[in-house]
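generate a structure from the sequence data that follows.
(one chain, ligands or ions: 1)
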Amino acid sequence: MGTAVSWRLNNRKLVRQWPTAVDLYSGSGSVTAALKKNHFRVVAAVDNDKVACATFRANHPGTRMIEEDIRKVSPAEIRRRDLAGKNLDLLIVCAPCQPFSSQNRKRGPDDRARLILEAIRFIKGLKPRLVFFENVPGLVSARNANLIDELRRRIGREYVFGDPHRVDAADFQVPQRRVRCIMLAARKSSPPALPAPTSPADKRITVRDAIGKLHPLRSGQTDRKDALHAARRHQAIALRRLAAVPKNGGSRSALPQSLKLECHSGVENSKFSDVYGRMSWNDVAPTLTTGCTDITRGRFAHPTANRAITLREASLLQTFPPKYRFVGSASDIQMQIGNAVPFKLIDAFAPVFRTAIRDSRA
Ligand SMILES: C[S@@+](CC[C@H](N)C(=O)[O-])C[C@H]1O[C@@H](n2cnc3c(N)ncnc32)[C@H](O)[C@@H]1O
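Below is the predicted model:
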């Protein structure tokens, strides 16, 4: 047998021994990418966003992408088709966070809140050794206590829930402040402790580290070698405002009266205070949202250039691997980037998951 063929066969055998994972609410696939890097075999993923699924497939052809409303997906079929009838090792649950986010709080009940409970069917059907939940901190606020109680009540016989942890991705090599709620549950044993921060406050990865070496661009310009590094073309008035916002962390509060936005008068200290704001070279970026390349939706202006950050800059601040392929229009891609769980955050946690899974097999 040729060396190349036998290497491929051995390699396939090795991959078959890797712990298995299923990625629920997988989006464009950054969690799957980080798990694969850490030698997990992600056998299936579920999401109902057509374009995010296309991005997922472009990067993870070896994972069965189930493009469907999760409420219609059968865990029994995943067990049969993707796990050869065996139990799963790791279940990822990154349910939509909008129903729990502080910005949505005033809008009343949101049906999407119950999507997190879909995890129960998958836990019962796939019997994972470990379950990882990621969401916004609002998930564990008093108003959602009944959801968490229901989750615990319905799987609590077989699973031990760890306490919810408030985790800032900036502590784990992510050049972005992104505070999240992480919960782990383990089958018949206590879940592992999360790792200690690898980039605490004095060792942050900064905006400069992440995007400082990219080709400099002005509004409307595109890097000839990188279609994702394309700066929005701003209108003249927006350019005048940006020019008046101090470099490196400045805010719209510095605008002269003549350039102030009428719709923002009297709301200086509101959530709009970041609008037209610049990032700082020597700090982490603010939390990227689904509007992360739009200066009217947050502090998303470049530290020094008079423009919003580009999709390439946003993807690097979310720690997507530089060669990650994105499918869709600019606004589709912006949405996929803003929704993502940072690759580096999962990259930091995955070794802990592997060890816990290995120990539970012993
Ligand atoms: C917070 S994002 C997940 C992010 C993803 N883990 C990543 O790293 O990119 C939530 C995802 O849930 C998906 N979603 C929302 N409702 C859904 C449903 N009913 N069925 C399946 N997926 C759904 C959205 O399309 C979105 O991609």
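
for the residue lying closest to residue 47 once chain neighbours are set aside, give me the pLDDT.
Distances taken as CB to CB, 6 or more residues apart in numbering place residue 26 nearest to residue 47, at 4.8 Å, with adjacent residues excluded. From N, CA and C alone the C-beta is placed, and that goes for glycine too. With respect to pLDDT, residue 26 scores 98.

got the residues of this protein near the ligand?
Within the chain, the residues that sit near the ligand (CB under 6 Å from any ligand atom) are 25-28, 30-31, 46-49, 52, 69-70, 94, 96-97, 115, 339-341.

show me these that map onto helices.
30, 31, 52, 339 (DSSP state H).

and those, which two are the farthest apart?
The span of these, defined through CB to CB, is set by 31 and 52 at 12.2 Å.

between the two, which one's more packed in?
Counted by other CB atoms under 10 Å, residue 31 and residue 52 do not tie: residue 31 has more neighbours, with 30 against 26.

isn't residue 283 up against residue 206?
Yes - checked against CB atoms under 8 Å, the pair residue 283 and residue 206 is within contact range at 6.2 Å.

most proximal residue of the stretch 151-300 of the chain with respect to the ligand?
Of the stretch 151-300 of the chain, the residue with the smallest distance to the ligand, taken as CB to the nearest ligand atom, is residue 290 at 9.5 Å.

and the closest residue in space to residue 333 that isn't next to it in sequence, how close does it get to residue 55?
Leaving out its chain neighbours, the residue that sits closest to residue 333 by CB to CB, 6+ apart is residue 326, at 4.6 Å. Using CB to CB, to the nearest Å, one obtains 5 Å as the distance from residue 326 to residue 55.

about what we covered before: sitting in strands, which of the residues of the chain next to the ligand do you find?
Cross-referencing the residues of the chain next to the ligand against strands under DSSP state E gives 46, 47.

quick one: buried ones out of the residues of the chain next to the ligand?
25-28, 30-31, 46-47, 49, 52, 70, 94, 96-97, 115, 339-341 (16 or more other CB atoms under 10 Å).

now do the domain split for the protein, please.
For the chain, automatic domain parsing gives the domain ranges 3-198+341-361, 203-339.

surely residue 180 meets residue 133?
No - under the contact definition of CB under 8 Å, residue 180 does not touch residue 133, with a separation of 9.9 Å.

those two: which has the busier surroundings?
Taking residue 180 and residue 133 together and counting by other CB under 10 Å, residue 133 has the greater number of neighbours (24 against 21).

from residue 115, how far out is the closest residue to residue 68 other than its chain neighbours?
Among residues not flanking residue 68 along the chain, residue 48 sits closest, at 6.0 Å (CB to CB, 6+ apart). Applying CB to CB, one obtains 10 Å for the distance of residue 48 from residue 115.

over to residue 72?
Where residue 115 is concerned, residue 72 sits at a distance of 13 Å (CB to CB).

show me the common contact partners of those two, please.
Common neighbours of residue 72 and residue 115, counting by CB atoms under 8 Å, 6 or more residues apart in numbering, are absent.
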